[in-house]
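Peer 1: sequence plus predicted model, see below.
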Amino acid sequence: MTIVTGTNWTAYDAATMTAREIYGRTLAQMGKENDKIVGVTADLSKTTAIVHFEKSFPERFFNVGIAEQNMMGIAAGLAKAGLIPFASTMAVFASMRASEQVRTDIAYQNLPVKIIATHAGISFGHAGTTHHCTEDLSIMKSMANMTVICPADGIETSKAVRACIDVPGPVYIRIGRGFEPPVHENEDYNYEIGKAITMHEGSDLTIIACGIAVLQSIQAAKTLKEQDDLSVRVINMHTIKPIDEQAIMDAVKDTRRILTVEEHNVIGGLGDSVASVIAKSGKGCVFKKHGIYDEYAVIGYAEDLYSHYGLDANGIIDQVRSMMGMEFEADENWEDE
């Protein structure tokens, strides 16, 4: 068993723990390193796994009860007092029930509150539509000062949680319920907020994905190479805001076909952010957004919903094949603008 440097869990454990479990353990370890870190939750310490921090530092942990709006207000007050609060609840509650407090109390004042939102997207599918969250990226990225992150797996979640401490303002980190396999085998890769990671090289088409869609996109790219001899680049766009514009434009220049994949409404999420960058550049390409097509998701187990909405490898393969038949206007002079 290989020990992953800098953590209190192993690479083997990463394959058996949820992303939120890794988050909780990472935060507990960070608490030993920085006594300004405090934890806040709204009666969901076990569900969000911040319970690991609670057990280690009970005097620095605040459970406000079932009151997410109060939780965000209290987190803002703790930040004003010079502390670094990590506020943990489900994504649907963090981004919508407490949206006014996040906007006015936290983002407006540019306070260093780190919002760790679990059970995002359709990962808590069997809980029903009220507990799905396919609008949060759109809501959070629209708030000034807010950094928005959607890690690909537990290992990347740990890296994002550690990195966010250096962001002076508020941060929103989106985590699923977390039983998907890990994307990364270990921590031996460079992670930087705002810098995308190329997971698979390719020249025919680029898939830009975030969250659970990254692993499925990699699997799709490998299958497309074997079955169709297609060279598909896969970019892990873990930071939605600020987005890596250079990685997007390099992909447009190199492949001229861009497919975005996200476990989120296609309106307002990763796809719209990528489209804005391309539109601003004035460069033409074949482009498509793939995700939840502006509807409230049906109820079911997460893996069944991923298949239903074409967010698994098979669904992504179908999207790529449909795009390969689309033509783009030739542009030989890419250095003129």
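Peer 2: That came in fine, so what should we check first?
Peer 1: elements contacting the helix or strand where I235 lies?
Peer 2: Take DSSP states H and E as the rule and I235 turns out to sit in strand 232-236. Judged by 3 or more CB pairs under 8 Å, 6 or more residues apart in numbering; DSSP states H and E, strand 232-236 is in contact with strand 197-200, strand 205-209, helix 213-228, helix 245-255. C-beta here means a position set from N, CA and C on the backbone, and glycine is covered the same way.
Peer 1: contacting residues around the residue nearest the centre of the chain?
Peer 2: The centroid of the chain falls nearest to C150 when counting by CA atoms, centre = their mean (0.9 Å). Listed by CB atoms under 8 Å, 6 or more residues apart in numbering, the contact partners of C150 are A120, L137, I173, R174, C210, G211, H238, T239, I240, E262, L270.
Peer 1: just A75 next, same as before
Peer 2: A75 neighbours (CB under 8 Å, 6+ apart): V40, P85, A87, I106, V113.
Peer 1: show the contacting residues for the fourth one.
Peer 2: When contacts are counted by CB under 8 Å, 6+ apart, I106 is found next to M72, A75, A76, A79, V113, I115, P170.
Peer 1: those in strands, which ones?
Peer 2: Under the assignment DSSP state E, these contribute I115 to strands.
Peer 1: please parse the protein into its domains.
Peer 2: Listed by automatic domain parsing, the domain ranges of the chain are 11-174, 197-324.
Peer 1: quick one: end-to-end length of the shortest one, please.
Peer 2: Read that as domain 197-324. Terminal residues of domain 197-324 are spaced 24 Å apart (CA to CA, to the nearest Å).
Peer 1: repeat for stretch 98-108
Peer 2: 14 Å.
Peer 1: buried ones in that stretch, by neighbour count?
Peer 2: A98, S99, Q101, V102, R103, D105, I106, A107 (16 or more other CB atoms under 10 Å).
Peer 1: not counting its neighbours along the chain, what's nearest P151?
Peer 2: Spatial nearest neighbour of P151, excluding adjacent residues (CB to CB, 6 or more residues apart in numbering): T157 at 4.3 Å.
Peer 1: next helix or strand past the helix or strand where that neighbour lies?
Peer 2: For T157, the element it lies in under DSSP H and E is helix 154-164. Counting by DSSP H and E, the element after helix 154-164 in chain order, helix or strand, is strand 171-174.
Peer 1: how near is T255 to G202?
Peer 2: 7 Å (CB to CB, to the nearest Å).
Peer 1: again but with Y293, I slipped
Peer 2: 25 Å.
Peer 1: centre of the chain to the longest strand seen in the chain, how far?
Peer 2: With secondary structure taken from DSSP E, the chain has its longest strand at strand 257-265. In this view, strand 257-265 has its centroid 13 Å away from the chain centroid, taken as CA atoms, centre = their mean, to the nearest Å.
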